[in-house]
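S.K.: Any chance you can model this:
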Amino acid sequence: MTRLDSHVCRCLFVLHLVSCCFAANWVKIMRPTITWEEMDISQEGERKFFCGQFDTSYTGRYHWRYNGSSILPERTQIHKNEFVFLSGANAIRNQLPGEYECCVREDLGNACYSRMIVVQNRTDNHNIDMTNSTLLLAEEGHTYYIRMHDVKRIEGVKCTLDGVNIDNFKYPVGFLVDEASNDSKKLQFLSRETKKTVPYHLKIENIENGGEVKCDLRLHKKEVIEKKFDIRLLGAFVSSASTVSHLVVSIIVYL
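M.R.: Numbering: from 1, shown residues only. The predicted structure is shown next:
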């Protein structure tokens with residue numbers, strides 16, 4: 001064995017000892033699993049849980065991790081020993097299940113308190129035909145592929161919610177999107193010489209809010225059709241049996 005090899009071996013041995021000592025100083029404590037649907041919701045629409053450390057008088061630093069990473073999910077905040085899911089997190093709940101850890105250096109020792117969060121009512125995708133309907137009853141967080149007119153070949157489409165452009169309104173691939181434009185009349189056109197066969201006219205990703213949707217569909221160079229419909233979230237809408245019996249929403253699958 002050369003002198004260099006001997007030096008490398010000694011370094012590796014020291015690193016191994018340091019690693020073992022560090023690991024021995026930290027204890028992982030499992031807390032009960034939390035179900036997303038059972039978490040209390042504040043008036044602001046927030047959900048939260050606590051670190052759960054043994055020393056309730058602890059005032060030191062809390063280090064939070066999600067699935068072993070310091071990068072936390074979207075729409076979350078940390079307030080010392082509280083992990084908060086902000087209003088709107090329910091719409092992206094499919095992205096939130098996993099292991100949440102809170103690591104602290106208590107007088108009793110160093111510990112990471114771990115708990116799993118599971119989501120039972122997961123979101124899904126739906127194909128909806130709104131050609132003859134003006135009301136979409138939607139579930140928060142679900143994604144909807146919407147057909148608004150009895151035609152598959154169009155040149156462009158543009159939609160707003162209560163007069164505002166919405167980020168989670170998506171259009172079929174191939175449309176030219178002017179991100180800088182706030183003009184609700186500006187359509188997302190294909191080239192002038194061609195129309196595109198599309199399986200849907202509007203995709204609403206992880207729907208969050210209800211309201212009035214207004215869409216302009218350009219079928220030909222000078223033919224623009226306006227489509228209006230309302231979105232109501234099922235959790236915020238209570239209807240009578242007689243009202244429900246008159247609502248017909250057709251679900252179609254595009255091939």
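
S.K.: Same question for the residue nearest the centre of the chain, what's its three-state structure.
M.R.: Centroid-nearest residue in the chain, with C-alpha atoms, centre = their mean: I92, separated by 2.2 Å. Put simply, I92 is helix when judged by DSSP: H, G, I helix; E, B strand; the rest coil.

S.K.: ok, now S87?
M.R.: coil.

S.K.: my read: it touches K48, true?
M.R.: No - if you go by C-beta atoms under 8 Å, S87 and K48 don't touch, sitting 11.7 Å apart. For glycine as for every other residue, the C-beta is placed from the backbone atoms N, C-alpha and C.

S.K.: For the stretch 151-255 of the chain, give me the ranges with low pLDDT.
M.R.: Flagging of the stretch 151-255 of the chain using pLDDT under 70 yields the residue ranges 173-196, 236-255.

S.K.: which parts of stretch 31-42 are buried?
M.R.: R31, W36 (16 or more other C-beta atoms under 10 Å).

S.K.: and it, how far apart are its ends?
M.R.: 23 Å (C-alpha to C-alpha, to the nearest Å).

S.K.: now it, how far from the centre of its chain.
M.R.: 18 Å (C-alpha atoms, centre = their mean, to the nearest Å).

S.K.: What of stretch 127-146?
M.R.: 18 Å.

S.K.: before we move on, what about stretch 55-62?
M.R.: On C-alpha atoms, centre = their mean, the centre of stretch 55-62 falls 31 Å from that of its chain.

S.K.: Now that stretch - C-alpha only, CSV.
M.R.: C-alpha atoms of stretch 55-62 as CSV (Å, rounded to 0.1, in the frame of the first residue of the first chain):
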residue,chain,number,x,y,z
ASP,A,55,-40.3,20.0,25.1
THR,A,56,-43.3,22.4,24.6
SER,A,57,-41.2,25.3,26.0
TYR,A,58,-38.6,24.9,23.3
THR,A,59,-37.8,28.3,21.6
GLY,A,60,-34.9,27.3,19.4
ARG,A,61,-34.7,26.7,15.6
TYR,A,62,-37.0,24.4,13.8
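
S.K.: show me what contacts the nearest residue to Y66 once chain neighbours are set aside?
M.R.: Nearest-residue entry for Y66: L72, 5.1 Å, with adjacent residues in sequence omitted and distances by C-beta to C-beta, 6 or more residues apart in numbering. L72 sits next to W64, Y66, I78 when contact means C-beta atoms under 8 Å, 6 or more residues apart in numbering.
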